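[1] the sequence isn't on hand, but the structure is:
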């Protein structure tokens, strides 16, 4: 069992605007690569985009490759509905993200990095460019051969998936690749590549500044550290909050809801809906994804009060996926269309209510057989909403 | 040799090379895993997900076509979970697919249909998505029809067009439910860079891409008492047709084909091999003339290497992609079009039928020939030179419709005139064949001796390799050609337009110099053409190729210039190669086309 904290712990690590990245980098450059990798591994940091792959291990695997040409990519294609934390991090503390990239580059042996910026975040480019110039000066001063460029996405949700992101950067259609090989072996231009979420890179800065222990002391087993949440929906205090991992949904709701909360969607449209009766038993973290006990999230927490129709909520998500599936694999492309058309048909009485059970079986197939991580998770909202709010789908 | 990896599939141990996939390992154990988007000719896509299998220790299923084997892997291909998922996936594909199997051109030859029969998809529970889709059918091209409502988005056509053909006429457009296979600005295939090679058709698992069929028009012509219907058959048809009629790959059916065509009611059954021989006479002379201009007259305007022009897919490709090299293209029409021009002139006069009453039909292994016959310049006889082009597959349709028991037919031979072909004509059907045939004749014209290869078999230009090169040193020339004494004639042969692209780039960069290049648009040459039977892979191509060369070996005449009907036509009608009359009827010109 994971232990849960009684009270929500607000953390202020990410957004604390320290102006010491030169020192942090200088210090990091003086340490051995092995030492830093160990620090990262020991911190327990896991990917903050939502998938939760151990960051230290990712760096380690890429560092082990003998290839000369390698790349670091910052995934800033923040497209999950209800997620808006990376934008804030890039606006307020871009130097932490850049420092994270530089340290990663030093360890794996990359000379070139890219920020894959969501097309809709184009307005961030002028400020980021200014920041990049300053940062490159610092790198020159420290003698680190590394440069970062910005690559603007073109608006496809799927390009947040790391291999589709790489395809897109190579000028191809944004479609996930077959894995293996993973990007750590064959990534951008076929070379070993680390793709990290914006927040993950910012955390690596914290870890190098304060050491693995300080990070590890936060959170619970298997879900260490803090996480930036994008809180939206029926809450009097929507916004961006850095919280300790391992909280229960109940803890979260106690702090953020006005008392009227029937469900929380954890992890955006591709995440899970948690109904009130499960608030106390569900923690936010990385373990037990499939048991439903603890849920991972890219940071989106959407609060729904009693006035919300869960049918409309689901309809909205499915509309999104029907359009945003890249369309290459059958289960995701056709599955999303069937789920969307299916709930409409049941609502209108064109299909019997038992059809929902058939669709639930279909979601199992989608989870088991879709080509990429996003395809495997598009049906999460369907299964969790239909299982918990079946009557709202029908009446 | 690469390292071996041990794994078990359905509890059976197997040891395979480490670069193999689960699908390939299963094949070694004779375990069939169904596939749709997978094709041996193409890179792995892993997008249909029909081939999923269970890997012990992995909660998710894995696509066996895209997953490499690893040591100790335990795979199960036939669990309840796997079967249920596969069934779901087939059902999902069917909901996007317009199910009119009985009205479909691919009825009985469709991989989706086969799979849905295998998995007994008898009731469709999911919602039919077709009525809400804005599917279009592109019927404007004279060669290829594209019906989006039959498409299962496996992208085999896209990969074929890009990888094998380096054309990229079709690509994936849009995403999600709108995702489709489309062209530049969704134009008709007739208005884009498409070469009409039809490789997309032979690689399509369903009826989404088919040739434009002219079967009914040909039946109409046969039924017309006024019409004198002549048919010509290309060399590669005789080694492919059998496959479509239940015989093994590479079965030679020339004589049975002739007898079937006669029973179908064609008034005269003739051979494209005749005009293949004629092509050699014209093209060979054109090559020697170009060499003379270059070597003796120092003419700076002579375009070398000279490239063959028999393959209409290649001709359209160069018109789109390398228009600056159009002067290099031989001005000779393809054998089909030479035949068409002669059918309504020389032949008509000879059998005393008014040319306007002649309907000229050709049976081709090719879909681009349909386009070629429709080119506006192909009317040198004063009429449309070739009226209808049928593929090998369409001929098989007619034979089945006519109730002919193909295997039981007697052997019959072609009519005359224009019915005799040499072995050199036959080998036009395989990549390297035109080169070999041309060398057999040109070398002999120049030196008075046979080409210095055993049994006339110029093996360096044979086989499926992408680019084959040969150098023939010309020695002991006769007086008329003594300027060629000591010249090393440099030749290259390639098949598949991606290989042609590579060759053209090498020539363009100046890395390579040749005098003569043979380019065929399809892998393996015409025997692997877009009008040949399904399915196709290199194993099948090789069998057809063996059959072509066996056909050559068994013919009494193996050199074009020794074909008596060729000697006769020059005597009675054309005078000599590159004569005024030849130029009018047998040669053509080309146009520059857009890049997209």
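    Okay, I see it. This is a predicted model, so every value here is computed, not measured. Numbers count the residues shown, from 1 in each chain, chains lettered A, B, ... in the order given.
[2] from here on, just use CA atoms for contacts and neighbour counts.
    Will do.
[3] phi and psi next, for residue A:132.
    Residue A:132 adopts backbone torsions of phi -60, psi -40, taken as degrees, to the nearest 10.
[4] quick one, what contacts it?
    residue A:148 (C-alpha atoms under 8 Å, 6 or more residues apart in numbering or on different chains).
[5] which other helices and strands contact the helix or strand encompassing residue A:99?
    Here residue A:99 sits within helix A:94-108, counting by DSSP states H and E. The helices and strands touching helix A:94-108, judged by 3 or more C-alpha pairs under 8 Å, 6 or more residues apart in numbering or on different chains; DSSP states H and E, are helix A:21-30, helix A:33-43, helix A:55-64, strand A:71-76, strand A:112-117, helix A:125-142, helix A:198-210.
[6] what does chain A put close to chain B?
    Contact residues (C-alpha under 8 Å from any C-alpha of the partner chain) of chain A with chain B: A:178-180, A:321-331, A:333-335, A:337-338, A:341-342, A:362, A:365, A:367-371.
[7] hmm, try it at 7 Å
    A:178, A:180, A:322-331, A:333-335, A:337-338, A:365, A:368-369, A:371 (C-alpha under 7 Å from any C-alpha of the partner chain).
[8] out of the helices and strands packed on helix A:94-108, indicate the one that is most buried.
    Mean neighbour count (mean count of other C-alpha atoms under 10 Å in any protein chain shown) peaks for strand A:71-76 among the helices and strands packed on helix A:94-108, with a mean of 28.
[9] centre of the chain to it, how far?
    13 Å (C-alpha atoms, centre = their mean, to the nearest Å).
[10] how about the helices in the stretch 201-350 of chain A?
    Taking DSSP state H, counting those that start in this stretch as the test, the helices found in the stretch 201-350 of chain A are A:212-216, A:249-256, A:310-324, A:330-347.
[11] could these go into a markdown table alongside distance to residue A:14?
    What follows is these, written out as a markdown table (distance: least, C-alpha to C-alpha, whole Å):
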| stretch | distance to residue A:14 |
| --- | --- |
| helix A:212-216 | 12 |
| helix A:249-256 | 19 |
| helix A:310-324 | 30 |
| helix A:330-347 | 35 |
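[12] any chance of JSON lines for the helices and strands packed on helix A:94-108, columns mean pLDDT?
    Output for those, formatted as JSON lines (pLDDT from 0 to 100):
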{"stretch": "helix A:21-30", "mean pLDDT": "93"}
{"stretch": "helix A:33-43", "mean pLDDT": "95"}
{"stretch": "helix A:55-64", "mean pLDDT": "96"}
{"stretch": "strand A:71-76", "mean pLDDT": "98"}
{"stretch": "strand A:112-117", "mean pLDDT": "98"}
{"stretch": "helix A:125-142", "mean pLDDT": "96"}
{"stretch": "helix A:198-210", "mean pLDDT": "95"}
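[13] out of the helices of the stretch 201-350 of chain A, deepest packed?
    Among these, ranked by average contacts under mean count of other C-alpha under 10 Å, first place goes to helix A:330-347 (a mean of 24).
[14] now do that one: everything it contacts.
    Applying C-alpha atoms under 7 Å, 6 or more residues apart in numbering or on different chains, the contact partners of helix A:330-347 are A:315, A:318-319, A:321-322, A:325, A:327, A:351-353, A:359, A:366, A:369-370, A:375, A:393-395, B:47-49, B:89, B:92-93, B:126-127, B:176-177.
[15] at 8 Å what do you get?
    Taking C-alpha under 8 Å, 6+ apart as the rule, helix A:330-347 contacts A:315, A:318-319, A:321-322, A:325-327, A:351-353, A:355-356, A:359, A:362-363, A:365-366, A:369-370, A:375-376, A:378-379, A:382, A:393-395, B:47-49, B:89, B:92-93, B:96, B:126-127, B:176-177.
[16] how about residue A:150, nearest residue that isn't a chain neighbour?
    Spatially, and ignoring its direct neighbours in sequence, residue A:150 is nearest to residue A:115 (4.8 Å; C-alpha to C-alpha, 6 or more residues apart in numbering or on different chains).
[17] tell me the contacts of that neighbour?
    Counting by C-alpha under 8 Å, 6+ apart, residue A:115 touches A:73-76, A:148-151.
[18] model confidence for residue A:155, exactly?
    Note for residue A:155: predicted pLDDT of 89.
[19] isn't it right up against residue A:119?
    Yes: counting by C-alpha atoms under 8 Å, residue A:155 does reach residue A:119; the two are 5.3 Å apart.
[20] where's the nearest residue to residue B:86 once chain neighbours are set aside relative to residue B:582, distance?
    In this structure, residue B:86 finds its nearest non-sequential neighbour in residue B:50, 5.4 Å apart by C-alpha to C-alpha, 6+ apart. Distance of residue B:50 to residue B:582, given as C-alpha to C-alpha, to the nearest Å: 55 Å.
[21] how many neighbours does residue A:232 have?
    22 (other C-alpha atoms under 10 Å in any protein chain shown).
[22] show me what it bridges to in the sheet.
    Per DSSP bridges, the residues bridged to residue A:232 are residue A:302.
[23] so who does it touch?
    Residue A:232 is in contact with A:82, A:238-239, A:300-303, counting by C-alpha under 8 Å, 6+ apart.
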